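Chemist: Fold the following and give me the result.
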Amino acid sequence: MTQPDRASSPLAVLVVDDEQNIRRSLSICLEAEGHRVVAVTNPADAVEEARRRSFDLAFVDLRLGAESGMDLIPALLAESPWMKVVVITAYAAVDTAVEAMRRGAADYLPKPFTPAQVSAVVRKVAEVRALEQRVQGLQEALGQSGVEADLTSVSPAAQRAVSLARQVAKSDATVLIRGESGTGKGVLARAIHAWSDRAERPFAVVSCPSLSAELLESELFGHVRGAFTGAVRDNPGRIAASEGGTLLLDEVGDLPLPLQPKLLRFLQDREYERVGDTVTRRADVRVISATNLDLEGAVRSGRFREDLFYRLNVIQIDLPPLRERPEDLLPLAERLMAGLSRRKAVLGFTEEAVEALRRYPWPGNIRELRNVIERAVILCQGERIGLEHLPPNFSGQGASPAVGDLVPLEQIEEQHIRRVLAATRSLEDAARVLGMDPATLWRRRKKYGI
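Modeler: Numbering: from 1, shown residues only. Below is the predicted model:
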């Protein structure tokens, strides 16, 4: 037998065969390489197991007594679209292989097979799953705001936060990251995942304020076809898609009350049901949550369950706002400038620009700093970013008006919209904070040239 490949991440494997010797030999071979194996004898049990937990790989015999393993392939893929199905049979033929592939099988293994052949198939599937999960992680990262934060810091408070994050990363403890919008909570959550033993598994993000309660429940737990209007196909949900990995609940303080007991149950028992389904499923997923809200206040006002708060707040990490990290401001700005000006010869800042950056209170924190630096790099035609390349409110003459100043109301509105847009990730998030329709916000941006 080949030596176990401990470098690859263990897979969850389902074996479906009516021959006891085949089930036993496959299980021994797979478990010797560190994989988790469930073996069953018939299609009904296979589908039931696939409903209750997520599998990366299934070995399916094409002849299961009086039933056909060929018909089982689409049923398994309906439960876990990412599952790789390998068909095994003693009656190997080209037309059989072609039909199995047409129905969604990933590979074909004729009997009798050796442990080396099984290992080769599993190794190939593991490489494909790792690549798929890496692509998924990159897509999640691209869905964020890019290089929003930099974990390098000389600030004692920021260093303590990163040090605590590194310390808890190897555990499966639930982590609550707290901090103002734009401080890098999502970046720190992604770093915790990367430092953990789950790093090779998926990292997914669910933004709690971005969807209605019904759609958020479907996004989180999944739904079955026909569960509601528009549910034209099964959706496994982010929990199932994150099997073995990490799920970030972004701005968890905005989680609707009806969903809170369902999340609490999952955190306690690792069990849940898809919308419109009665099958109880299990998942091995680490949960990290982030919030910029006063959750204790939300608990006192009845907007957030106290038991859920304590379950989420096993480990609390506080990220300081940028205004409390003045020593980090210029190094951060310079690193952002270097990363954003690769095609331009921008070498630094003028003294006036540095002074303006230091004077500004940064309500949108690192995300706002990135937006300001990106704007300046685009506008700068020389080697140094000057005051003229920064937004108008950074100069002395263009100081932001405050509430109560003798200025038109539109000036106050414009500055407030600019700051909220700088501090949020999307137009939809900004519209929610401002309490206006996204279409209205779009017209305001056009009006003010934002």
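Chemist: quick one: contacts of stretch 432-439?
Modeler: P209, H416, I417, V420, T424, L427, E428, A431, L441, R444 (Cβ atoms under 8 Å, 6 or more residues apart in numbering). In short, each C-beta sits where N, CA and C put it, glycine included.
Chemist: My error: substitute stretch 352-360 in the last question.
Modeler: Here stretch 352-360 makes contact (Cβ under 8 Å, 6+ apart) with 326, 329-330, 333, 349, 372, 376, 384-387, 389-390, 394-395.
Chemist: In helices, which of the residues you listed fall?
Modeler: Assigned to helices by DSSP state H, the following of the contacts of stretch 352-360 qualify: P326, L329, L330, A333, V372, A376.
Chemist: Got the confidence number for the spatially closest residue to the third one that is not a sequence neighbour?
Modeler: Nearest in space to L330, with sequence neighbours left out and distances taken as Cβ to Cβ, 6 or more residues apart in numbering, is V354 at 6.4 Å. We have a pLDDT of 93 for V354.
Chemist: Ok, A93 next?
Modeler: So, for A93, pLDDT stands at 66.
Chemist: ok, now M70?
Modeler: The model reports M70 with a pLDDT of 89.
Chemist: Contacts only, for it.
Modeler: Contacts of M70 by Cβ under 8 Å, 6+ apart are L62, V87, E99, A100, R103.
Chemist: Let me see the contact set for the closest residue to R303 other than its chain neighbours.
Modeler: What sits nearest to R303 in space, not counting adjacent residues and going by Cβ to Cβ, 6+ apart, is L257, at 7.0 Å. If you count contacts by Cβ under 8 Å, 6+ apart, L257 has them with R303, F304, R305.
Chemist: count of neighbours near E251?
Modeler: Neighbour count of E251, defined by other Cβ atoms under 10 Å: 21.
Chemist: Does it touch A290 like I think?
Modeler: Yes - contact criterion Cβ atoms under 8 Å: E251 and A290 qualify, at 6.6 Å.
Chemist: quick one: buried residues of the helix or strand hosting E219?
Modeler: Using DSSP states H and E, E219 falls within helix 213-221. Judged by neighbour count (16 or more other Cβ atoms under 10 Å), helix 213-221 contains these buried residues: L216, E217, S218, E219, L220, F221.
Chemist: Nearest to E296 among those residues?
Modeler: Proximity of those to E296 (Cβ to Cβ) peaks at L216, which lies at 23.0 Å.
Chemist: sorry, back to before: would you turn the contacts of L257 into a markdown table with distance to C380?
Modeler: Below are the contacts of L257 laid out as a markdown table (distance: Cβ to Cβ, whole Å):
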| residue | distance to C380 |
| --- | --- |
| R303 | 45 |
| F304 | 45 |
| R305 | 50 |
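Chemist: which of those lies closest to F266?
Modeler: R305 (13.4 Å).
Chemist: re earlier: for the contacts of M70, pick the one with the most neighbours.
Modeler: Within those, neighbour counts (other Cβ under 10 Å) peak at V87, which reaches 27 neighbours.
Chemist: Is it in a helix, a strand, or coil?
Modeler: Following DSSP: H, G, I helix; E, B strand; the rest coil, we place V87 in the strand state.
Chemist: and if you look at A39?
Modeler: On the basis of three-state DSSP, A39 is classed as strand.
Chemist: State the distance from it to R123.
Modeler: 20 Å (Cβ to Cβ, to the nearest Å).
Chemist: just W442 next, same as before
Modeler: Distance from W442 to R123, by Cβ to Cβ: 50 Å.
Chemist: now do R52
Modeler: Shown here: R52 relative to R123, a distance of 27 Å by Cβ to Cβ.
Chemist: same question, A12
Modeler: Counting by Cβ to Cβ - A12 and R123 are separated by 16 Å.
Chemist: higher neighbour count, the two?
Modeler: More crowded of A12 and R123, by other Cβ under 10 Å: A12, with 19 against 14.
Chemist: Look at that one and report its pLDDT.
Modeler: pLDDT, A12: 88.
Chemist: any idea how far E19 lies from A39?
Modeler: From E19 across to A39, the span is 11 Å (Cβ to Cβ).
Chemist: Between these two, tell me which one has more neighbours.
Modeler: Neighbour totals were compared for E19 and A39, and A39 leads with 20 against 14 (other Cβ under 10 Å).
Chemist: Contacts only, for that one.
Modeler: When the contact criterion is Cβ under 8 Å, 6+ apart, the partners of A39 are L14, V15, V16, D17, R23, R24, L26, S27.
Chemist: at 6 Å instead, please
Modeler: Taking Cβ atoms under 6 Å, 6 or more residues apart in numbering, we find A39 in contact with V15, R23, S27.
Chemist: Mind listing the residues bridging to it?
Modeler: For A39, the beta-bridge partners under DSSP bridges are V15.
Chemist: ditto for K84
Modeler: Beta-bridge pairing for K84 (DSSP bridges): L57.
Chemist: What about it, how many residues nearby?
Modeler: Using other Cβ under 10 Å, the number of residues around K84 comes to 25.
Chemist: Q117 now?
Modeler: Neighbours around Q117, by other Cβ under 10 Å: 13.
Chemist: Quick check: closest non-adjacent residue to A75.
Modeler: Counting by Cβ to Cβ, 6+ apart, A75 lies nearest to V47, which is 5.3 Å off, once chain neighbours are set aside.
Chemist: The helix or strand hosting the one you found: how far from the chain's middle?
Modeler: Taking DSSP H and E as the criterion, V47 maps to helix 43-52. The chain centroid and the centroid of helix 43-52 are separated by 27 Å, computed with Cα atoms, centre = their mean, to the nearest Å.
Chemist: again, but for stretch 202-210
Modeler: Here stretch 202-210 is found 5 Å from its chain centre; the criterion is Cα atoms, centre = their mean.
Chemist: low pLDDT regions in the chain?
Modeler: Applying pLDDT under 70 to the chain flags the ranges 1-8, 91-94, 134-150, 396-402, 405-407, 425, 449-450.
Chemist: Contacts for the host helix or strand of F266, please.
Modeler: Secondary-structure element containing F266, defined by DSSP H and E: helix 260-269. Defining contact as Cβ under 6 Å, 6+ apart, one finds that helix 260-269 is touched by Y272, R305, L308, R311.
Chemist: Closest one of these to E368?
Modeler: The closest of the contacts of helix 260-269, once distances to E368 are taken by Cβ to Cβ, is L308, at 30.7 Å.
Chemist: How about the closest one: what's its closest non-neighbour residue?
Modeler: Using Cβ to Cβ, 6+ apart, the closest residue to L308 is L264 (4.7 Å).
Chemist: Can you give me the neighbour number for A345?
Modeler: Applying other Cβ under 10 Å, we find 8 residues neighbouring A345.
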